[in-house]
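[1] Return a 3D structure for these sequence lines:
(one chain, ligands or ions: 1)
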Amino acid sequence: MASVQMKSQSGSATHVDVVIVGAGVSGVGSAYHLQEQCPGKSYVILEAKDTFGGTWETHKYPGVRSDSDLYTFGYRFKPWVGPPIATAAEILKYMGEVITENGIDKHIRYGHRIVSSRWSSADNLWTVEAKRNSDGATVTFTCNFLWMCQGYYDHEKPYLPEWPGMSRYKGLLVHAQLWDPKTDYTGKRVLVIGSGATAATVVPAFCEKAAHVTMLQRSPTYFYCHANVNELADRLRQIGIDEPTIHRVVRAQVLYDQQMMTERCLKEPDVVFEELKALIRQYAGDDFQFEPHFTPKYRPWQQRLAFCPDGDVFQAAAKGKLTVVTDTIDTFTEKGVRTASGQEIEADIIVAATGFRLSVMGDIPFYVDDKRVDWHQTVNYRGMMFTGVPNLVWVFGYFRASWTLRVDLLGDFVAKLLNHMDAKGVKRVDVALRDEDRDMALLPWIEGDNFNPGYLVRGIDQLPLRGDKPEWRHNQDYWSEREEIPLIDIEGAEFVYDGKRRDAKKQAAE
Ligand SMILES: Cc1cc2nc3c(=O)[nH]c(=O)nc-3n(C[C@H](O)[C@H](O)[C@H](O)COP(=O)(O)OP(=O)(O)OC[C@H]3O[C@@H](n4cnc5c(N)ncnc54)[C@H](O)[C@@H]3O)c2cc1C
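    Residues are numbered from 1 along each chain as shown. I've put the predicted structure just below:
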């Protein structure tokens, strides 16, 4: 790998070719692809926290783990060698290895929270200002290209609804995102508010030491129970296959199985639900009651299935350690909550697994030639670039497949784009609506019947717009994007280099 030195130091600003924002799985993966595929480019990763990991560093509640398998949540370039579902600590260890094995550490500036980002068309440069945690100083970087890997939610302030009577509650009320791992819950009555992945993770972990756990959910979730093993990986290991090959083969297997599952969920949702129930019965017993707490109103896969390794949620339920209540909160009381149907739930600790507060672009104010960017006025190209905002790519992964699959796909795309710009000798790239897009309907970024997490619905007015053509949607479909993204024609009419639109007629004739 060629050395990637800072190019110059002009005044108090440090110049690099590329600034990557965030050292979570997206930022670290993007840095790897940049180094590998554009070895001459200098770059820094600016990270607000004092360490890497993003999501996996922030969340410290009991049992915190992935709900995707790590053969696909892991990068394509670094084999995963453990059980498919991993703890936060295991994911951090894996990321740490990626960072040190590839010399990414020397490019990361920890404790640098970006506070503004300004594009100058005269200079074809972004000027990025960051506040340094260690001394409060403002540090300035300039770069030609910004790679936004800042995630999608506020790491400090989670989403906590305002329930009536909250101040009356005398116990400990904490959002899962802010859980302090030193909190002792041994022998305590714990109430978890919420369903879905976080609740499914935290509930069995609390059940191990708490006196009793109640999960209060507004609506039921689908659970997929499976032992935390990948039989194919274990078999290949047993017969001496090397880890890179195992990683490649098992990734292909998992992706194939997920694709089949998605298709079946659409074609025969009732059959799939019966199969999911049969898996649950293996852990919860044959007489387990699914009504009303485990019969969702949506079809399987419309939201991510909550993976339940070794059926741990249902093992806890079978042991009588877990009570599920499907209801809404009427009010908090001194001792817990009262539900709309009048049920009193007493608890020493209430854990709100109520989701995130959307943070668009890391809450960084952006300016293009001194005009503040309103993301809701931009149109989003394939969920990664924005009209009116040059030289910037945004990494937003998948909900139904592992987030990281898109990090790898976009890594290839950005590297191709940067190399193409160098070959053309241009400094600026924009995406713009083409002539044929002129009458295209501009729609809210999320597609309610495709994916609709609460934090995106709540923040829809801050998100960009999309169109109804493939180029102007993030379709949340890894299986189609893995074919489409590598084939993107970066000389297509939607790409404008150095402000010069291609002549559509000439292009059609070519
Ligand atoms: C508890 C939990 C479990 C999850 N499990 C899975 C799973 O199993 N599979 C899956 O596919 N997805 C899962 N997700 C989704 C998950 O967030 C993504 O998979 C992935 O970790 C996101 O990585 P990221 O790097 O894009 O963002 P993040 O992990 O959010 O990291 C972004 C980084 O950018 C930094 N940053 C933000 N703003 C600024 C700024 N202004 N200046 C400097 N730095 C900034 C942050 O400090 C942070 O370190 C889970 C999410 C949560 C919360």
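
[2] Which residues of the stretch 151-300 of the chain lie near the ligand?
    When proximity is defined by Cβ under 6 Å from any ligand atom, the stretch 151-300 of the chain lies next to the ligand at 151, 155, 198. Just so you know, the C-beta spots here come from the backbone N, C-alpha and C atoms, and that holds for glycine as well.

[3] Neighbour-wise, give me the winner out of these.
    When neighbours are taken as other Cβ atoms under 10 Å, the top entry among those is T198 (25 neighbours).

[4] Against which helices or strands is the longest strand along the chain packed?
    Ranked by number of residues, the top strand in the chain under DSSP state E is strand 138-148. Applying 3 or more Cβ pairs under 8 Å, 6 or more residues apart in numbering; DSSP states H and E, we find strand 138-148 packed against strand 13-21, helix 25-37, strand 43-46, strand 112-120, strand 125-132, strand 392-394.

[5] do that again at 6 Å, thanks
    Other helices and strands packing on strand 138-148, by 3 or more Cβ pairs under 6 Å, 6 or more residues apart in numbering; DSSP states H and E, are strand 13-21, strand 125-132, strand 392-394.

[6] Can you list which of the residues of the stretch 151-300 of the chain next to the ligand are found in helices?
    Secondary structure assignment by DSSP state H places T198 of these in helices.

[7] where along the stretch 401-510 of the chain do the strands fall?
    Taking DSSP state E, counting those that start in this stretch as the criterion, the stretch 401-510 of the chain contains strands spanning 429-431, 443-444, 465-466, 495-497.

[8] Contacts for the third one next, please.
    Judged by Cβ atoms under 6 Å, 6 or more residues apart in numbering, the contacts made with strand 465-466 from elsewhere in the structure are 379-380, 442-443, 445, 472-473.

[9] Now distance to the ligand, pLDDT and neighbour count too, for these, in CSV please.
    Putting these into CSV (distance: Cβ to the nearest ligand atom, whole Å; pLDDT from 0 to 100; neighbours: other Cβ atoms under 10 Å) gives the following:
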residue, distance to the ligand, pLDDT, neighbour count
V379, 22, 98, 22
N380, 16, 98, 23
L442, 26, 96, 14
L443, 24, 94, 14
W445, 17, 92, 20
W472, 22, 97, 25
R473, 19, 95, 19
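
[10] Burial check on the residue of the stretch 251-400 of the chain found nearest the ligand, number of neighbours?
    For the stretch 251-400 of the chain and the ligand, the shortest gap (Cβ to the nearest ligand atom) falls at G362, measuring 2.9 Å. When counting by other Cβ under 10 Å, one arrives at 21 neighbours for G362.

[11] check contacts around it.
    By Cβ under 6 Å, 6+ apart, the residues touching G362 are Q150.

[12] if I've got this straight, it is in a helix?
    Yes - according to DSSP: H, G, I helix; E, B strand; the rest coil, G362 belongs to a helix.

[13] Okay, now the unreliable bits of the stretch 101-250 of the chain?
    Low-confidence segments of the stretch 101-250 of the chain, defined by pLDDT under 70, are absent.

[14] Pop out the phi and psi values for the one residue in it that gets nearest to the ligand.
    Using Cβ to the nearest ligand atom, the single residue of the stretch 101-250 of the chain nearest to the ligand is G151, 2.2 Å away. Listed backbone geometry of G151 is phi 80, psi -160, with angles given as degrees, to the nearest 10.

[15] That one: what's it in contact with?
    Listed by Cβ under 6 Å, 6+ apart, the contact set of G151 reads 24, 54.

[16] From D477, how far off is it?
    Per Cβ to Cβ, to the nearest Å, G151 is found 21 Å from D477.

[17] give me the number of residues near the closest residue to N228 other than its chain neighbours?
    The shortest distance from N228 to any residue that is not its chain neighbour, by Cβ to Cβ, 6 or more residues apart in numbering, is 3.8 Å, and that residue is P309. The tally of other residues near P309 (other Cβ under 10 Å) stands at 21.
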